[in-house]
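# no sequence on hand, only this structure:
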């Protein structure tokens, strides 16, 4: 089976709702459901999170990152949740789900791609949080949440790469610059984008995410955004462009993905995007590092 055939099969399975998840994903989704109930108290949430050691460590680490600590440190899960709030907590549960969707492959190539994709996602989440707070004036916790899950389809594809190794093969772009083949490759690119959207949308449906997060992730599949950014989708796309670690599944060329920050700088109030990023560098670094745990 070649790559197009494997993608076609996965797309058809996604359309039929026949997604394959590990048992650990189901467990984490139950955690998500438990903290989503309207009357979930701080004490109840603390007990739930304490039963998941990796999640507990992540919650405390994020609470102590420069983006949230504001100079004071917490040393327990209850205090960390109180500082972060339930919206951020839901995003952190989603971050665990993302890693679990990809699974723990025995293949070193797949493992490396999963790690790179998660590093990319953590950077996008941290940048989205800063851009939402400092530039677009949107809810920064929601923006971070969107950044965490924006590559949900990619994690699922990597989870199936052991079964379908051809998914790791690069796209064949030979002849893409020939005039006679241009339309063919444009059509293939459009088809591939729709495949990403179909698979990603099917996975998102299982996660029961907020509508505004789903809409922002949808914007990622089309790649068009306003500059300066206005919407949550714009925020997510800008963060994606600024992330230093590129997704291993990104089909763009190196010249397209390696855009320097100065190329997309713009005025924000009395400053600029670059000045805001410089001021917030420590926040982005510590928050993305905390998310990677």
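Yes, it's here. Quick caveat, the model's predicted, so the values are computed rather than measured. Numbering: from 1, shown residues only.
# what's the mean pLDDT across stretch 245-260?
Mean pLDDT, computed over stretch 245-260, is 71.
# quick check: closest non-adjacent residue to residue 153.
residue 200 (3.0 Å; Cβ to Cβ, 6 or more residues apart in numbering). Backbone N, C-alpha and C define where each C-beta goes, glycine included.
# check residue 167 too.
Among residues not flanking residue 167 along the chain, residue 161 sits closest, at 4.7 Å (Cβ to Cβ, 6+ apart).
# tell me which helix or strand comes right after the helix or strand where the residue nearest to residue 153 lies.
Assigned by DSSP states H and E, residue 200 belongs to helix 179-207. Proceeding N to C from helix 179-207, the next assigned helix or strand is helix 211-220, under DSSP H and E.
# got the angle between the helix or strand following that next one and helix 211-220?
As assigned by DSSP H and E, the chain's next helix or strand after helix 211-220 is helix 232-242. Interaxial angle, helix 232-242 versus helix 211-220 (axes from the mean of the first three to the mean of the last three Cα atoms, to 10 degrees): 50 degrees.
# on contacts alone, who are the packing partners of helix 232-242?
Here helix 232-242 touches helix 108-131, helix 140-149, helix 211-220, going by 3 or more Cβ pairs under 8 Å, 6 or more residues apart in numbering; DSSP states H and E.
# and of those helices, who's closest to residue 229?
helix 108-131 (6.8 Å; Cβ to Cβ).
# average pLDDT for the closest one, rounded please.
Averaged across helix 108-131, the pLDDT comes to 96.
# quick one: it to chain centroid distance?
In terms of Cα atoms, centre = their mean, to the nearest Å, the centre of helix 108-131 is set 7 Å apart from its chain centre.
# same deal with stretch 12-21?
20 Å.
# in it, which residues are buried?
13, 14, 19, 21 (16 or more other Cβ atoms under 10 Å).
# doesn't residue 71 belong to a helix?
No. Counting by DSSP: H, G, I helix; E, B strand; the rest coil, one finds residue 71 to be coil, located in no helix.
# let me know the pLDDT of it.
Looking at residue 71, the pLDDT reads 81.
# could you tell me how far it is located from residue 221?
Using Cβ to Cβ, to the nearest Å, residue 71 is found at 39 Å from residue 221.
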